[in-house]
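Engineer: My questions concern the predicted model and sequence given below.
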Amino acid sequence: MKADVRRRRWHDDEGVHLDVRGLPPPEPMVMIMAAIDAGVDGDAIVVHHERDPVFLYPELSERGWVATRVDGEPGEVRLKLVRAG
């Protein structure tokens, strides 16, 4: 695994964190979809983004996931992704 990927992904009590800030399109979407498709064993995925990823929501819905905006750092869009139902 590349060092950059390790800095952008970590796990804590909230779930698996993905920091996609600063990545050029389509890398944020690719990184998020790869994490979902790999399976996270019931954990939430917390995405740290710099803008509202409007194209992500239909992709999540197709895969049975939902996103909820949660508090983050100033200027950050933080989303908690969980399996629906």
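Structural biologist: Nice, I can see it.
Engineer: for the spatially most central residue of the chain, what are its contacts?
Structural biologist: With distances taken as CA atoms, centre = their mean, residue 47 lies nearest the centre of the chain, 3.2 Å away. Listed by CB atoms under 8 Å, 6 or more residues apart in numbering, the contact set of residue 47 reads 17, 18, 20, 32, 53, 67, 78, 79, 80, 81. To be clear about C-beta, it is placed using only N, CA and C from the backbone, and glycine gets the same treatment.
Engineer: what's the answer for residue 75, then?
Structural biologist: Counting by CB under 8 Å, 6+ apart, residue 75 touches residue 50.
Engineer: What's the separation between it and residue 44?
Structural biologist: Distance, residue 75 to residue 44, by CB to CB, to the nearest Å: 22 Å.
Engineer: next one: residue 77
Structural biologist: Counting by CB to CB - residue 77 and residue 44 are separated by 16 Å.
Engineer: Ok, residue 63 next?
Structural biologist: 14 Å.
Engineer: go on, residue 17?
Structural biologist: 10 Å.
Engineer: do the same with residue 70
Structural biologist: 10 Å.
Engineer: the more surrounded of the two?
Structural biologist: For residue 70 and residue 44, the more surrounded residue by other CB atoms under 10 Å is residue 44, and the numbers stand at 18 against 13.
Engineer: Look up how far residue 37 lies from that one.
Structural biologist: Residue 44 is 16 Å from residue 37, by CB to CB.
Engineer: cool, residue 11 as well?
Structural biologist: 17 Å.
Engineer: Could you do residue 19 as well?
Structural biologist: Between residue 19 and residue 37 the distance is 19 Å, computed by CB to CB.
Engineer: which other helices and strands contact the host helix or strand of residue 78?
Structural biologist: For residue 78, the host element (DSSP states H and E) is strand 77-83. On a contact count with 3 or more CB pairs under 8 Å, 6 or more residues apart in numbering; DSSP states H and E, strand 77-83 meets strand 45-49, strand 65-70.
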